[in-house]
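Chemist: Okay, sequence plus prediction incoming.
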Amino acid sequence: MKRLLFLGHRWLGILLCLLLVLWSFSGLLMIYAGPSSISESTRLAHAPALTPAASWLSAGEPGGWACRPPTARPARRDCWCRPESRSG
């Protein structure tokens, strides 16, 4: 049982090592290879068209994202990050 655990741990480490090497190599490739040579007009010509749905909200409609004032009381009174809860 112990030998099986050691072998499993070894092969799992080898597989994870190979995965991280591939991940690092692809990151370096993305950094140094530069963007593709496809022009913006070609990319936009082949992109799917976005048709607005009836459930979408415009920027001025009520019920969308809005800035709201913070609540009167904090959710936790013993939070270490609030100045009034620090002792000293």
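Modeler: Ah, there it is. Keep in mind that this is a model prediction, so the values were computed, not measured. Numbers count the residues shown, from 1 in each chain.

Chemist: Check the chain for its longest helix and report it.
Modeler: The helix spanning the most residues in the chain, taking DSSP state H as the definition, is helix 2-33.

Chemist: what mean pLDDT would you report for that helix?
Modeler: Averaged across helix 2-33, pLDDT comes to 94.

Chemist: From L22, how far out is L15?
Modeler: 11 Å (Cβ to Cβ, to the nearest Å). (C-beta placed from N, C-alpha, C; glycine too.)

Chemist: With G8 instead?
Modeler: Taken as Cβ to Cβ, the span from G8 to L22 is 21 Å.

Chemist: for L5, same thing?
Modeler: 26 Å.

Chemist: With P48 instead?
Modeler: 31 Å.

Chemist: Which one's more surrounded, these two?
Modeler: More neighbours surround L22 than the other of P48 and L22, with 10 against 5 (other Cβ atoms under 10 Å).

Chemist: Would you mind listing the residues in contact with that one?
Modeler: With contact set as Cβ atoms under 8 Å, 6 or more residues apart in numbering, L22 has no partners.

Chemist: Make 40 the first number, not 1, from now on.
Modeler: That works, and once the first residue is 40, the last one we named lands at L61.

Chemist: any idea whether I77 is helix, strand or coil?
Modeler: coil (DSSP: H, G, I helix; E, B strand; the rest coil).

Chemist: Now for it, how many residues are close by?
Modeler: When neighbours are counted by other Cβ under 10 Å, I77 registers 9.

Chemist: Could you tell me the model confidence score at it?
Modeler: 80.

Chemist: same thing with T90?
Modeler: Each residue has a pLDDT score; the one for T90 is 80.

Chemist: ditto for S124
Modeler: pLDDT, the model's per-residue confidence, is 46 for S124.

Chemist: go on, C106?
Modeler: The score at C106 is 56. That number is its pLDDT.

Chemist: Over to G103?
Modeler: Per-residue confidence at G103 stands at 50 (pLDDT).

Chemist: same check, this time on A93
Modeler: On the pLDDT scale, A93 is placed at 71.

Chemist: Look at it and say how many residues are nearby.
Modeler: 4.

Chemist: do the same with S78
Modeler: Here the number of neighbours of S78 (other Cβ under 10 Å) works out to 9.
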